[in-house]
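**Q** my questions concern the predicted model and sequence given below.
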Amino acid sequence: MVKQTIQIFARVKPTARKQQQGIYSVDEDEKLIPSLEIILPRDLADGFVNNKRESYKFKFQRIFDQDANQETIFENIAKPVAESVLAGYNGTIFAYGQTGSGKTFTITGGAERYSDRGIIPRTLSYIFEQLQKDTSKIYTTHISYLEIYNECGYDLLDPRHEASSLEDLPKVTILEDPDQNIHLKNLSLHHATTEEEALNLLFLGDTNRMIAETPMNQASTRSHCIFTIHLSSKEPGSATVRHAKLHLVDLAGSERVAKTGVGGQLLTEAKYINLSLHYLEQVIIALSEKHRSHIPYRNSMMTSVLRDSLGGNCMTTMIATLSLEKRNIDESISTCRFAQRVALIKNEAVLNEEIDPRLMIVRLQKEIQELKDELAIVTGEQRPEALTEAELLQLEKLITSFLEDQDPESRLEVGADMRKIHHCFHHLKKLLNDKKIHGKSTVSSEIKDQDCQEPLKEEEYKKLRDILQQRDNEINILVNMLKKEKKKAQDALHLSSVDRNEFRHSQSSPFPPGNPEGPRTSSSASTQVQDASTFGYRSTLLQRKTGMREEMSLGRQEAFEIFKRDHADSVTIADNKQILKQRFSEAKALGENINEARSKIGRLKEEITQRHLQQVALGISENMAEPSVPDLLEEKLRSQLEEEKKRYKTMFIRLKALKVEIEHLQLLDKAKVKLQKEFEAWWAEEATSLQVNSPAVKSLSHMKPFQTPGSQHQESPLLSNKSDVNAGKILPSSCPILHSQEQNRTSASLDDSLPARPTSSIPLTGDSQTDSDILAFIKARQSILQKKC
Ligand code: ADP
Ligand code: MG
């Protein structure tokens, strides 16, 4: 963009007589800004101009005095403008001055000598010369010639000019598009390929020009004429076209009507001339004033046509033509004043570039063809525009397998073929839209699911939810129990050491004190329980001890253990089957021994009797009333008999004790079943109450509406064998922590790694081991939760 004010130049017309000397002076000493001083002659002091002032000074870009020839004018004024037009900017040169001051001579030139050629022919010559020199661009030149007479526009290049009267010619009218661009209807554009063609058009227009005689100048014009050179340029192969217009304007005389001394038709003409210039002046005043939003371009045809030249997209130059004769001093001063105002107008010239769609299409078509050729060379195959049916089918298969592939690294390989790539995108879009229409989850959410894991089925969700619920209940029951335990332990600390021993004894011994087996078994069981300090070990132990409870979840096993200690103090928790078996075999062996002893006793008794009878028979035969010496053999038999009797008695007592013990052990088994039943009932009760009250349960309830407390009491899915079996199945695989990590984890490390949410609702006991167990459960629950999510 080029910002600049309208350049103003002054040209003084040569005077016929030398008497005019002293009327003006040109000060060229001020090198940067030359000035023209007009000295008011004394005899004019009472006239039009303020008589108090003797001289007027006006600054111009440059002042061309009488001796300046047409070549100088062109070189200094027109050539720079022509150059900027060649560069693509709009340009305007207009001549302003009273009739006979040399406007036409400056713009068009004199007809007498070749050297009198004015700006138009010289500019045409210069432009065509430049166009010929510059082979880097393709230029197109058009000419239009407009005359504005009495506010009507006429096309001076209309061939009907010669044959028709002015009134019959079609008038040039102004049209404005939505972007406020001015278009001139009925103004013909003539293509000029050479300077000669362009000059011919100028000549044609000049001959058509309206000429009327005025008293002041025999060849003066009372119309405005705008000769326009339209120049288009573009680089070869480019679709960008630059358009530039150069208006060369020869205005009508600026003198006031009073001065012309005409009447009738001529007066009307003069009035219109002035009216037209009056509007020009209005526009120029408006433009030179700051903060004026409205510029009255539309008031006259000329200002409308020259709108761009005045304060718009144009580099504009004004030539003030002055006829500095004594009688024209006042008009000359007016012209200079006008020029001073014009000098204040700022224009902003921009390059007028536009893309020619026609050229663009041609260029793109060419480019496409070139690329196709290049591609064919690279790939070695010619690609038609559309894909074949087989190719489309193949692509859709590829897309389907790509979407079904669970591997996140999988790719959709279609090769470097844009047709195929585009088709894939279109197909995917179609699939996506189809999904949306059917209200199903979007592809993206499916992809998200696939990214995570296999989507969980509804049934699995339900199971997991149930397990979670169950675990929460377990945790809460355990916590309550452990709290009670802790309290109990604290109470025990207050007892004396003797009392404590007794207390411990009574708590741990399931046998009556008189039973010789009792203390050993009791101490062994008690030690086992106490030593089993880790949860995992205890669980394993419990499972080992209570084979029937393998399907029990770990939480329930733990609860059952504590329940037993609370509710069955007199019953051993040890498995009695082995002892029972031992006792049975012992009793059997004892029975056999007793029977043996009994028969042995019988035999000994028989032997003693036989011996005694033999001794008696011997005494009768020898006539002896009594044997003189005691029978040693009989004595020996009798002592054996006594021994055997003692043994029998001992064994019998032992067998009796064994019988009692066996009966006791059998009773214990029954009690154990009873205890388990009691525990189940208690567990169900606890779980139900938790279902209603526990914040942990409540916190879960937002996930899905759960069963009502009443229905749970009837048949709680959490406590049923089925859910226990589920727990047994799911927990070990989904919760490896319970098996591999729980023994090593401390509560602190768990605290660090646990997410915040579940712990907030679980009351901890303060005991690190207990808490560790609880936290293991919580971790298990969290694991299930994550899996679910
Ligand atoms: P305008 O167009 O302003 O009415 P013209 O250009 O017709 O005035 O000039 C009036 C007369 O003065 C013409 O005959 C013209 O040849 C002559 N003339 C004007 N300016 C010059 C000049 N600089 N040198 C020589 N003759 C001139
Ligand atoms: Mg003229």
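**A** Ah, there it is. Numbers count the residues shown, from 1 in each chain. Ligands and ions are numbered 1, 2, ... in the order given.

**Q** check which residues of stretch 407-416 are buried.
**A** The neighbour-count check on stretch 407-416 (16 or more other CB atoms under 10 Å) flags Val414 as buried. Just so you know, the C-beta spots here come from the backbone N, C-alpha and C atoms, and that holds for glycine as well.

**Q** restricting to C-alpha, output that stretch in PDB.
**A** Coordinates of the C-alpha atoms in stretch 407-416 are reproduced here as PDB (Å, rounded to 0.1, in the frame of the first residue of the first chain):
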ATOM      1  CA  ASP A 407      -4.600 -55.000  18.800                       C
ATOM      2  CA  PRO A 408      -4.100 -51.300  19.500                       C
ATOM      3  CA  GLU A 409      -1.000 -51.400  17.200                       C
ATOM      4  CA  SER A 410      -3.000 -52.600  14.200                       C
ATOM      5  CA  ARG A 411      -3.100 -50.400  11.100                       C
ATOM      6  CA  LEU A 412      -5.200 -49.900   8.100                       C
ATOM      7  CA  GLU A 413      -2.800 -50.300   5.300                       C
ATOM      8  CA  VAL A 414      -4.100 -49.100   1.900                       C
ATOM      9  CA  GLY A 415      -0.900 -47.900   0.300                       C
ATOM     10  CA  ALA A 416       0.000 -44.500  -1.100                       C
END
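
**Q** what ranges does the stretch 601-750 of the chain have for its helices?
**A** 632-693, 695-701, 709-714, 721-734, 747-753 (DSSP state H, counting those that start in this stretch).

**Q** name the element His423 belongs to?
**A** In this structure, His423 sits in helix 418-437 according to DSSP states H and E.

**Q** do the same with Arg471
**A** Short version: Arg471 belongs to helix 458-493, going by DSSP H and E.

**Q** show the average pLDDT along that helix.
**A** For helix 458-493, mean pLDDT rounds to 78.

**Q** break down the stretch 301-450 of the chain into its helices, ranges please.
**A** For the stretch 301-450 of the chain, the helices defined by DSSP H, counting those that start in this stretch occupy 301-305, 329-342, 357-379, 389-404, 418-437, 443-452.

**Q** quick one: contacts of the shortest one?
**A** Pointing back at helix 301-305 there. 146, 148, 151-153, 174, 182, 184, 224, 226, 251, 276, 279-280, 283, 296-298, 310 (CB atoms under 8 Å, 6 or more residues apart in numbering).

**Q** and what about the residue in the chain that ligand 2 sits nearest to, helix, strand or coil?
**A** Across the chain, the shortest distance to ligand 2 (CB to the ion) belongs to Thr104, at 3.1 Å. Judged by DSSP: H, G, I helix; E, B strand; the rest coil, the three-state class of Thr104 is helix.

**Q** what does Glu37 give?
**A** strand.

**Q** that one contacts Phe60, correct?
**A** No. If you go by CB atoms under 8 Å, Glu37 and Phe60 don't touch, sitting 11.5 Å apart.

**Q** between these two, who's got more neighbours?
**A** Phe60 (23 against 13; other CB atoms under 10 Å).

**Q** quick one, what contacts the more buried one?
**A** Here Phe60 is in contact with Ile8, Phe9, Ala10, Pro34, Ser35, Leu36, Ala320, Ala339 (CB under 8 Å, 6+ apart).

**Q** what about the closest residue to Asp206 other than its chain neighbours, how many neighbours?
**A** Closest residue to Asp206 apart from its sequence neighbours, by CB to CB, 6 or more residues apart in numbering: Thr108 at 6.4 Å. By other CB under 10 Å, the residues close to Thr108 number 25.

**Q** do Val283 as well
**A** 24.

**Q** ditto for Gln614
**A** So Gln614, with other CB under 10 Å, has 13 neighbours.

**Q** for Ala16, same thing?
**A** Counted with other CB under 10 Å, Ala16 comes out at 8.

**Q** what pLDDT does it get?
**A** 72.

**Q** are we agreed that it is in a helix?
**A** No. If the criterion is three-state DSSP, then Ala16 is coil and not within a helix.

**Q** ok, His224 touching Ile148?
**A** Yes. Between His224 and Ile148 there is a contact at 4.4 Å, judged by CB under 8 Å.

**Q** what touches both of those two?
**A** Ser276, Met302.

**Q** near ligand 1, which residues of the stretch 301-450 of the chain?
**A** Thr321 (CB under 6 Å from any ligand atom).

**Q** ok, 5 Å please
**A** Residues of the stretch 301-450 of the chain that fall close to ligand 1, judged by CB under 5 Å from any ligand atom: none.

**Q** run a quick neighbour tally on the residue of the chain at minimum distance from ligand 1.
**A** Closest approach between the chain and ligand 1, counting by CB to the nearest ligand atom: Gly102, at 2.8 Å. Counted with other CB under 10 Å, the neighbours of Gly102 add up to 21.

**Q** now the one 3 residues further on
**A** When neighbours are defined as other CB under 10 Å, Phe105 has 21 of them.

**Q** contacts only, for the residue lying closest to it once chain neighbours are set aside.
**A** Closest residue in space to Phe105, ignoring its immediate chain neighbours: Gly118 at 6.4 Å, by CB to CB, 6+ apart. Neighbouring residues of Gly118 by CB under 8 Å, 6+ apart: Gln70, Ile73, Thr104, Phe105, Thr106, Ile107, Thr108, Gly109, Gly110.

**Q** now, among those, which is nearest to Lys670?
**A** Ile107 (134.4 Å; CB to CB).

**Q** so how far is His161 from the nearest residue to the closest one once chain neighbours are set aside?
**A** Take Ile107 and drop its neighbours on the chain: the residue closest to it by CB to CB, 6+ apart is Asp250, 4.2 Å away. For Asp250, the distance to His161 (CB to CB, to the nearest Å) stands at 17 Å.

**Q** so between these two, which is more surrounded?
**A** Applying other CB under 10 Å to Asp250 and His161 shows that Asp250 carries more neighbours, namely 27 against 20.

**Q** can you pull the pLDDT of that one?
**A** Note for Asp250: predicted pLDDT of 94.

**Q** report the contact partners of it.
**A** With contact set as CB under 8 Å, 6+ apart, Asp250 has these partners: Phe94, Ala95, Lys103, Thr104, Ile107, Thr108, Thr221, His224, Cys225, Ile226, Phe227.

**Q** near the second one, how many other residues are there?
**A** Pointing back at Ala95 there. Residues within reach of Ala95, counting by other CB under 10 Å, total 26.

**Q** which ones are touching the residue lying closest to it once chain neighbours are set aside?
**A** Excluding its sequence neighbours, the residue lying closest to Ala95 (CB to CB, 6+ apart) is Lys103, at 3.9 Å. Counting by CB under 8 Å, 6+ apart, Lys103 touches Ala95, Tyr96, Gly97, Asp250, Leu251, Gly253, Ile319, Thr321.

**Q** same question for Gln61.
**A** Gln7, Ile8, Phe9, Pro34.
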